[in-house]
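Engineer: I need the structure of the sequence given here:
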Amino acid sequence: MSKPTILIVGGSFAPAEVYDDIVDAVQAKGYDIKALHHPSVAFRGGPRPEKLPTMYDDAALVANEISKLADEGKEVVLVSHSYGGVPASESTKGLTKKERQSQGKPGGVIRLAYMTALVPPVGRSAQSLLAELPPANHIEYKTDEQGWMDYVDISAAAPLIISDLPDVKEREALVARLQTHSSASFATELTHAGYKDVPVSYLLCEEDALLLPKYQREWIEFIEKETGNKVDVTSLQAGHCPNFTKPQETIDWIVNVAEKGGN
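Structural biologist: Here you go, the predicted structure:
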């Protein structure tokens, strides 16, 4: 049986390039894998779209990638990180393997895998989930006149984003690789609960100082309650960006969920 194709739906502020090491390593294991660059992520000093992108623009990009792969007959596993859990959930409408089979079409999404990711109910946004976190776990942002967010202070944000790396200079250098993000995307409400339609895996990062483990567990429990199915949970002693600090464990987890496929 052929291996599924893996799409990484990254976090806020995260250009696709921050997942390059993970992508390269998973490719070396024989998988087709690609990290997507959200419309809601823009490089500092780079071009900006005329209209501020929303989560729906991110989800549309993901859906377009899924559609192209599915039309080629490929099964797709979505691996989402942080904010990426929202557009990943939104993107799968009509694109699961089961839905496409019912229309006589090949391919489609066979699994959603969340990596310390936000999973809102329909009608909720990333912003509404983040508002529930304790004030001490909030990052302070500045927003320009066009609505693009950036960190007020990277040295203050870094311990939350990469809590499991003691070297201050190293973690700040990693956070500096992140870029700017559309404020509109955080406010956009989920309209489609893709986690109801396919098996779900979750990488629970036990040292995450941003999306605290308590909340990750609540989102896992929510999925199980909504679907009546157990979530395939893997716990990892890692902070919010295991792709940076626990790359081998992250690679192993991605390969593992890909091997599970739609089972």
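
Engineer: from here on, just use CA atoms for contacts and neighbour counts.
Structural biologist: Noted.

Engineer: so Val76 sits in a helix?
Structural biologist: No - for Val76, which was evaluated using DSSP: H, G, I helix; E, B strand; the rest coil, the result is strand, with no helix membership.

Engineer: touching, it and Leu7? I think so.
Structural biologist: Yes - assessed by CA atoms under 8 Å, Val76 is found in contact with Leu7 at 7.2 Å.

Engineer: who has more neighbours, these two?
Structural biologist: Relative neighbour count places Val76 above the other of Val76 and Leu7, with 30 against 21, counting by other CA atoms under 10 Å.

Engineer: show me what contacts the more buried one?
Structural biologist: Each residue near Val76 by CA atoms under 8 Å, 6 or more residues apart in numbering is listed here: Pro4, Thr5, Ile6, Leu7, Ile66, Leu69, Ala70, Gly107, Gly108, Val109, Ile110, Arg111.

Engineer: hey, what's it bridged with?
Structural biologist: With beta bridges defined as DSSP bridges, Val76 has these partners: Thr5, Val109.

Engineer: ok, now Asp150?
Structural biologist: Each beta-bridge partner of Asp150 is listed here, defined by DSSP bridges: Lys142.

Engineer: give the contact list for it.
Structural biologist: Tyr141, Lys142, Thr143, Gln179, Thr180, His181.

Engineer: what ranges do the strands span in the stretch 101-250 of the chain?
Structural biologist: Using DSSP state E, counting those that start in this stretch, the strands of the stretch 101-250 of the chain run over residues 108-115, 141-143, 148-151, 180-182, 200-205, 232-236.

Engineer: hey, which of the ones you listed is tucked in deepest?
Structural biologist: strand 108-115 (a mean of 29; mean count of other CA atoms under 10 Å).
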